[in-house]
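In: this one's structure only:
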């Protein structure tokens, strides 16, 4: 496969996963915004949403003040935000169109249908209408993932799609966990208090992990157990360990298809080994924030290594 085609497929996977991620942020923030804090600052949750999406600096540069309406518009519809939901859907379709012949009819129709229907969604003003829009986007991303899983040959095209999605998902989970641990709880609110508990529960809902948490731990929501689930538990599809295992699997499949391993395989395998040797107690002892910063830097390095090996 041409490196240009591999790059398009890789970014289809990333943009679809990113759209799903932003939806999850917005749904969680709609819940958090209605919970009163001691500071009484309803916009704090929307500030956090912008930061966790990685769009905080770009939003500030636009000169806008943080509010629910401004944050919702910026994260969902703004043409000036490359990671807005609408831009992600457009970018996924643009990349998919460039490799149309590498996609099944079912996958192309799922992506192209989302793009065609995007304009009909408009920019809903009320919370109820906005919630309906988010539900529509979730159904779109699930349709794309389902079409890829059910209809694509397990060849290099499929593995580049999965590689992009897994790398993006790892980045997203790490950012969500870091924002909750490092930024979210307002000053004056007690750790372990009602708001703290609600925020951790919301984080679990955000990554579709609340039921899984109850199954695994059979205990009340505790920060170190949430972190254990989302960092080290390979049974949890959105955990860092699970995402890293998916990255290694996709890269090894590509190595088998192309007849050789390279720096991307070696780096990904080393990163997975490091996670398998870690314990949540050691991570908290050295600092969860520092651990996640190191993970994100390594994830970016791995993305660059994949680009140099396959996509340029």
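Out: Everything's here; your move. The structure displayed is predicted, hence computed values, not measured ones.

In: For whichever helix or strand residue 17 is part of, enumerate the helices and strands it packs against.
Out: Using DSSP states H and E, residue 17 maps to helix 3-32. In this structure, helix 3-32 packs against helix 44-52, helix 68-76, helix 85-98, helix 127-151, helix 156-179, helix 194-206, with contacts taken as 3 or more C-beta pairs under 8 Å, 6 or more residues apart in numbering; DSSP states H and E. (C-beta placed from N, C-alpha, C; glycine too.)

In: Mean neighbour count, those: which tops it?
Out: helix 156-179 (a mean of 24; mean count of other C-beta atoms under 10 Å).

In: in the helix holding residue 17, what counts as buried?
Out: Judged by neighbour count using 16 or more other C-beta atoms under 10 Å, the buried positions of helix 3-32 are 5-30, 32.

In: try stretch 219-232
Out: Of all the residues in stretch 219-232, those buried under the rule 16+ other C-beta under 10 Å are 221, 223, 225, 226, 227, 228, 229, 230, 231, 232.

In: Is the second one in contact with residue 200, as I believe?
Out: Yes. Because the distance of 6.1 Å satisfies C-beta atoms under 8 Å, residue 223 is recorded as touching residue 200.

In: sorry, back to before: what angle do the helix holding residue 17 and helix 156-179 make?
Out: 30 degrees (axes from the mean of the first three to the mean of the last three C-alpha atoms, to 10 degrees).

In: Let the chain start at 32 from now.
Out: Will do, 32 is the new start, and the previous item becomes helix 34-63.

In: Could you check how far helix 34-63 is from the centre of its chain?
Out: When C-alpha coordinates are averaged (C-alpha atoms, centre = their mean, to the nearest Å), helix 34-63 and its chain have centres 6 Å apart.

In: and it, what's its mean pLDDT?
Out: Along helix 34-63, the predicted confidence averages to a pLDDT of 92.

In: between it and helix 99-107, how many degrees?
Out: Put simply, helix 34-63 runs at 160 degrees to helix 99-107, going by the same axes, to 10 degrees.

In: So which of the helices and strands packed on helix 34-63 is nearest residue 276?
Out: helix 187-210 (8.6 Å; C-beta to C-beta).

In: ok, the nearest residue to residue 192 once chain neighbours are set aside - contacts?
Out: Closest residue to residue 192 apart from its sequence neighbours, by C-beta to C-beta, 6 or more residues apart in numbering: residue 44 at 4.4 Å. Residues near residue 44 by C-beta atoms under 8 Å, 6 or more residues apart in numbering: 191, 192, 193, 194, 195, 196, 197, 199.

In: Return the helix or strand in the protein with minimum mean pLDDT.
Out: Averaged element by element with mean pLDDT, DSSP states H and E, the chain has its least confident helix or strand at helix 225-237 (a mean of 74).
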